[in-house]
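Visitor: just coords:
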Ligand SMILES: Nc1ncnc2c1ncn2[C@@H]1O[C@H](COP(=O)(O)OP(=O)(O)O)[C@@H](O)[C@H]1O
Ligand SMILES: N[C@@H](CC(=O)OP(=O)(O)O)C(=O)O
């Protein structure tokens, strides 16, 4: 819940200092990032006034959880908040590839310590491919029989990896002994029940992050750097009960901020938090935020604590112009807006979790995507706005194995209510739609394959959708399609499309549907799965590797720069 504090202030100098008057009678430095601010008795918002030196007014500052104490303390002592030495300053998230071995953990520790002025919150994923191995072990346990659980290869791999890491880092085996034991028990339980529910899957995969964070915190402590391990589900990450794909609930922000902040103030130690995990608000069981969910954990913490920056450290030099697994010549994109990054992630770029931009955008906190294998590479900076004047195409994203539906009304032309009926059917069935193109009496759309997969919505359920739609329309179900999303400056869509259709014509590819959404950053094309990769490569060459004077790139691949805000 937000708490309101009233300040009477006049902006004096510097970027965020406020000489306060009235009851407070002190000069203070205002927090850089509160959950923010409406002015009372003044027409401008506080955030605006901070950018306009000299403005004065009575400001009502709303802040949450821990921020309230900090603001009060900073007003009482006259000390700054945003610049305070005492505050946590940024989040650094390291993905599975960054902490895949003892050697990698050592390098990550060195990397963290190479920023002596930061007071980071660290978020870690499970080591390497541990999450996949845990899921495979669970699947095998369903059918292998209790006595054979200890022979599951993936279980042996996980044990061996974690025990070897502990040994090589010189930390005590006891930090993970209980978890390894419980993991054995859990797999035996699955073998006994002969079933692996979504709820059990989430509990099962949680062992990955629970162990990596314990090992890493113990290692930092061993190196004399005080660190404290946290399980996200114990410190206020409250989620929906949608196992394997839970959503973070609002209550998370004040709870997490309070817990991390209070601990930091009373006994400073670098927080090492499990990524990906939460606690279902009804069931109180462990939930996960969807694959790659540690990015979301990081941005949630960034927003909760109002931190200066969120860093996500990966195994690539930032967000690239396309998936490097499709095309090795993909190049880093220096700047992105939150909208572009969200669209890119939603339409299938594995590099960022689809929901992870939301908290960063709401908190207006810059996100930096960096390479833990190549820390000197500049990476990608994601901010609210950037200079789009010279931006054309930013990145090309491919989402495979999409199902497309062509739905044509059986009624007379001009029937209103047709679209509403179609979408109410999807709503009733709880199916999420990706790309849509409509005319008055027909609609083409694609269904989100990950949602279908996670809900185990297979042919049977697709047949059910078609059956429902056929009550009002003629329906064609087209499978094995791909969405190619062109993320960039849709203000220049004519130029982009001209080039795109040239490339597609040259390559003999037929586009089956095209959609330019309201987002203004994405044009989506639907093609056959078996033509998609070749298409992406051809588009990449055309947009990023050849001279395109007619597109007026300006910045090489037309990525513009971060806007001064
Ligand atoms: N447009 C893209 N830019 C960068 N990486 C991409 C892109 N599309 C797909 N990827 C893949 O995403 C991977 C990084 O994401 P992920 O594996 O989730 O990282 P981590 O586990 O380190 O958080 C890269 O190794 C790359 O193969
Ligand atoms: N370990 C989880 C969560 C995660 O975010 O992992 P990574 O950061 O390695 O993508 C997964 O594999 O989905």
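Guide: Sure thing, it's come through. The structure displayed is predicted, hence computed values, not measured ones. Residues are numbered from 1 along each chain as shown. Ligands and ions are numbered 1, 2, ... in the order given.
Visitor: let me see the contact set for residue 98.
Guide: 104, 108, 125, 313-315, 372-373 (C-beta atoms under 8 Å, 6 or more residues apart in numbering). Just so you know, the C-beta spots here come from the backbone N, C-alpha and C atoms, and that holds for glycine as well.
Visitor: which of the residues you listed lies closest to ligand 1?
Guide: Ligand 1 lies nearest to residue 314 out of the contacts of residue 98, by C-beta to the nearest ligand atom, at 3.9 Å.
Visitor: so for that closest one, what's the pLDDT?
Guide: At residue 314, the predicted lDDT confidence score is 97.
Visitor: so it bridges to which residues?
Guide: residue 371 (DSSP bridges).
Visitor: what sits against it?
Guide: Contacts of residue 314 by C-beta under 8 Å, 6+ apart are 95, 97-98, 351, 369-372.
Visitor: what do you get for residue 428?
Guide: Contacts for residue 428 (C-beta under 8 Å, 6+ apart) come out as residue 468.
Visitor: that's a strand at it, yeah?
Guide: No. Counting by DSSP: H, G, I helix; E, B strand; the rest coil, residue 428 falls outside a strand, being helix.
Visitor: so which elements touch whichever strand or helix holds residue 401?
Guide: Using DSSP states H and E, residue 401 maps to strand 393-409. Packing partners of strand 393-409 (3 or more C-beta pairs under 8 Å, 6 or more residues apart in numbering; DSSP states H and E): helix 338-346, strand 442-447, helix 449-454, helix 459-469, strand 473-488, helix 529-540.
Visitor: ligand 2 contacts on the stretch 101-250 of the chain?
Guide: 125-126, 131, 208 (C-beta under 6 Å from any ligand atom).
Visitor: centre of the chain to whichever strand or helix holds residue 424, how far?
Guide: Assessed by DSSP H and E, residue 424 sits inside helix 418-429. Between the centre of helix 418-429 and the centre of its chain there are 29 Å (C-alpha atoms, centre = their mean, to the nearest Å).
Visitor: stretch 325-344 now?
Guide: 14 Å.
Visitor: what about that stretch, how long is it end to end?
Guide: 16 Å (C-alpha to C-alpha, to the nearest Å).
Visitor: show me what counts as buried in that stretch.
Guide: For stretch 325-344, a neighbour-count test (16 or more other C-beta atoms under 10 Å) marks 326-327, 330-344 as buried.
Visitor: ditto for stretch 248-257
Guide: Buried, per 16+ other C-beta under 10 Å, within stretch 248-257: 248-249, 252-257.
Visitor: start to end distance for it?
Guide: Separation of the first and last residues of stretch 248-257 by C-alpha to C-alpha is 14 Å.
Visitor: again with stretch 307-325
Guide: First-to-last distance for stretch 307-325 - C-alpha to C-alpha - comes to 33 Å.
Visitor: is any residue of that stretch near ligand 2?
Guide: No. Judged by C-beta under 6 Å from any ligand atom, stretch 307-325 makes no contact with ligand 2; its nearest approach is 7.8 Å.
Visitor: quick check, pLDDT for residue 412.
Guide: 50.
Visitor: in CSV, list the buried residues of stretch 248-257 along with pLDDT and distance to residue 437.
Guide: Output for those, formatted as CSV (pLDDT from 0 to 100; distance: C-beta to C-beta, whole Å):
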residue, pLDDT, distance to residue 437
248, 98, 32
249, 98, 34
252, 98, 37
253, 97, 37
254, 97, 42
255, 97, 42
256, 98, 41
257, 97, 43
